[in-house]
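1. sequence unknown, structure follows:
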């Protein structure tokens with residue numbers, strides 16, 4: 001298991017822990033706060049262990065809290081990206097997938113896909129885009145739009161947890 005390079009979670013005060021890990025889950029610092037309140041040990045200095053604990057907090061939350069975490073994520077190549085209103089992490093992830101270099105036609109396609117998806121499921125399309133490209137993301141939209149809503153909700157939570165792991169590993 002990998003250790004954090006720039007910090008030692010088990011040695012952090014609550015404020016330092018929340019400052020470091022509060023945005024691992026998009027606009028949802030309550031997840032890091034719950035982990036800290038449960039107690040942080042030396043095992044949490046391992047990226048994968050801390051991630052597992054954070055993921056368990058999300059998966060153990062009620063549906064309303066889970067839905068809020070999912071909805072905190074921006075649309076892929078959406079209005080927030082166009083208006084430069086993404087969190088630093090989301091901006092880096094979308095840029096890495098080439099979403100910041102969409103043509104006008106591609107932005108229109110992403111807007112239509114985002115709208116269709118949100119209309120069907122009542123939450124944004126979530127995909128851990130690190131290592132993906134525009135074509136793979138579009139394929140993801142097109143294949144997942146036909147999923148059962150409960151299955152898609154579960155899949156969205158899995159993708160949120162993947163995103164969190166990528167963010168923790170980048171630390």
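-> Everything's here; your move. Quick caveat: nothing in here was measured; it's all calculated off a predicted structure.

2. so what are the domain limits for the chain?
-> 9-67, 73-169 (automatic domain parsing).

3. and these, which one's lowest on average pLDDT?
-> Lowest mean pLDDT of those: domain 73-169, a mean of 91.

4. Export the domains of the chain as JSON lines, with columns for mean neighbour count and distance to residue 2.
-> The C-beta positions use only the backbone N, C-alpha and C, and glycine is treated the same way. Converted to JSON lines, these look like this (neighbours: other CB atoms under 10 Å; distance: least, CB to CB, whole Å):
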{"stretch": "domain 9-67", "mean neighbour count": "17", "distance to residue 2": "5"}
{"stretch": "domain 73-169", "mean neighbour count": "17", "distance to residue 2": "7"}
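
5. Make JSON lines out of these and add distance to residue 3.
-> Listed next are the domains of the chain as JSON lines, based on distance: least, CB to CB, whole Å:
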{"stretch": "domain 9-67", "distance to residue 3": "6"}
{"stretch": "domain 73-169", "distance to residue 3": "11"}
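
6. which residues of this protein fall in helices?
-> 14-21, 29-38, 47-60, 63-71, 79-82, 88-96, 104-121, 134-144, 149-169 (DSSP state H).

7. for these, which one sits closest to residue 128?
-> Of all those, helix 149-169 sits nearest to residue 128, with 3.8 Å by CB to CB.

8. quick check: angle from the closest one to helix 104-121?
-> Helix 149-169 and helix 104-121 are oriented at 120 degrees to each other (axes from the mean of the first three to the mean of the last three CA atoms, to 10 degrees).

9. Now do helix 149-169: which elements does it pack against?
-> Applying 3 or more CB pairs under 8 Å, 6 or more residues apart in numbering; DSSP states H and E, we find helix 149-169 packed against helix 47-60, helix 63-71, helix 88-96, helix 104-121.

10. can you tell me which of the ones you listed comes nearest to residue 146?
-> Here helix 104-121 is closest among the helices and strands packed on helix 149-169 (CB to CB), at 9.1 Å.

11. State the distance from the closest residue to residue 69 other than its chain neighbours to residue 36.
-> Closest residue to residue 69 apart from its sequence neighbours, by CB to CB, 6 or more residues apart in numbering: residue 28 at 4.8 Å. Distance, residue 28 to residue 36, by CB to CB, to the nearest Å: 14 Å.
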